[in-house]
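K.L.:
the sequence isn't on hand, but the structure is:
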Ligand SMILES: Nc1ncnc2c1ncn2[C@@H]1O[C@H](COP(=O)(O)OP(=O)(O)OP(=O)(O)O)[C@@H](O)[C@H]1O
Ligand SMILES: Nc1ccn([C@@H]2O[C@H](COP(=O)(O)O)[C@@H](O)[C@H]2O)c(=O)n1
Ligand SMILES: [Mg+2]
């Protein structure tokens, strides 16, 4: 039924290079006192599921189904960034440039947006879609928000299928073109797989074969969530 993911082998050896924490994030972490963390955890301890997978693996599609079937609030890191990107500001332009390049936006920006979204919601369970995309993302979330995910879902999909899906998406996204997709796939392998391996080693990762129809994949997801008591 559910396979806990064993250690993934590809492209992990270079992950150590990616674990460097930028000075700006170190400062944020220094000031992420208990008082700040208490914003979210003082009155409640929400059930948090991180949803991971390569570009076009079906994260957003399955999250929408899970949200409506199991009462989760769905927060997509990419959607939050795209909303911020549409602001005519220096930060908006920075986000736009990074998304165009398929790179990862500085963690303090993304974690701040997620934190605001959690705080302005009354939900007690969240799907955080497309996050953490890197070890830096993961460490920033744990430090600033002060909680770990209860569960991590990984939609495992062959590259060829992901490329086909993204190119057929047709939602006007600035990163849905073949040049950016190639870069996003590289970034996924370099930066996101180490995070997936980290949660696998912690026994929190559930890997789902993301080939097949939306309904077939959701059947597997439904089985998992149906067995949880969040
Ligand atoms: N199982 C599936 N079979 C065929 N097409 C699918 C399937 N799941 C999703 N799609 C389609 O593939 C495209 C990408 O799906 P989706 O947006 O859910 O992926 P994603 O993982 O959120 O991607 P991204 O990381 O780029 O946001 C969408 O057009 C969606 O309708
Ligand atoms: N944690 C994240 C999530 C996303 N990004 C940037 O947004 C792009 C689109 O994300 P999707 O999840 O909607 O595919 C992604 O390629 C990144 O450029 C990010 O930086 N950090
Ligand atoms: Mg998505």
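P.N.:
Structure's in. What do you need? Everything numeric in this text was worked out from a predicted model, so none of it was measured. Ligands and ions are numbered 1, 2, ... in the order given.
K.L.:
sketch out the low-pLDDT regions of the chain for me.
P.N.:
Scanning the chain with the threshold set as pLDDT under 70 gives 1-43, 229-230.
K.L.:
residues in it within reach of ligand 1, list them.
P.N.:
Residues of the chain lying near ligand 1 by CB under 6 Å from any ligand atom: 53, 55-61, 78, 130, 165-166, 168-169, 213-214, 217. Quick note: C-beta positions are derived from backbone N, CA and C, even for glycine.
K.L.:
helix, strand or coil for the spatially most central residue of the chain?
P.N.:
Central residue of the chain (CA atoms, centre = their mean): residue 131, 1.8 Å from the mean position. Judged by DSSP: H, G, I helix; E, B strand; the rest coil, the three-state class of residue 131 is coil.
K.L.:
surely it touches residue 50?
P.N.:
Yes - counting by CB atoms under 8 Å, residue 131 does reach residue 50; the two are 6.2 Å apart.
K.L.:
coming back round to it: could I have the buried ones of the residues of the chain next to ligand 1 as ChimeraX selection syntax?
P.N.:
Buried residues among the residues of the chain next to ligand 1 (16 or more other CB atoms under 10 Å), as a ChimeraX selection:
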select :53,55,56,57,58,59,60,78,130,165,166,217
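K.L.:
which residues does residue 72 contact?
P.N.:
By CB atoms under 8 Å, 6 or more residues apart in numbering, residue 72 lies in contact with 49, 63, 66, 123, 125-127.
K.L.:
on that earlier part again, state the phi and psi torsions of the closest residue to the residue nearest to the centre of the chain other than its chain neighbours.
P.N.:
Spatial nearest neighbour of residue 131, excluding adjacent residues (CB to CB, 6 or more residues apart in numbering): residue 77 at 3.9 Å. The phi/psi pair for residue 77 (degrees, to the nearest 10) reads phi -60, psi -40.
K.L.:
could you report the neighbour count for residue 77?
P.N.:
By other CB atoms under 10 Å, the residues close to residue 77 number 22.
K.L.:
residues in contact with it?
P.N.:
110, 113-114, 128-131, 133.
K.L.:
same for ligand 2: which of these are within range?
P.N.:
Filtering the contacts of residue 77 for proximity to ligand 2 by CB under 6 Å from any ligand atom leaves 110, 130-131, 133.
K.L.:
circling back: pull out the buried members of the contacts of residue 77.
P.N.:
Buried members of the contacts of residue 77, scored by 16+ other CB under 10 Å, are 110, 113-114, 128-131, 133.
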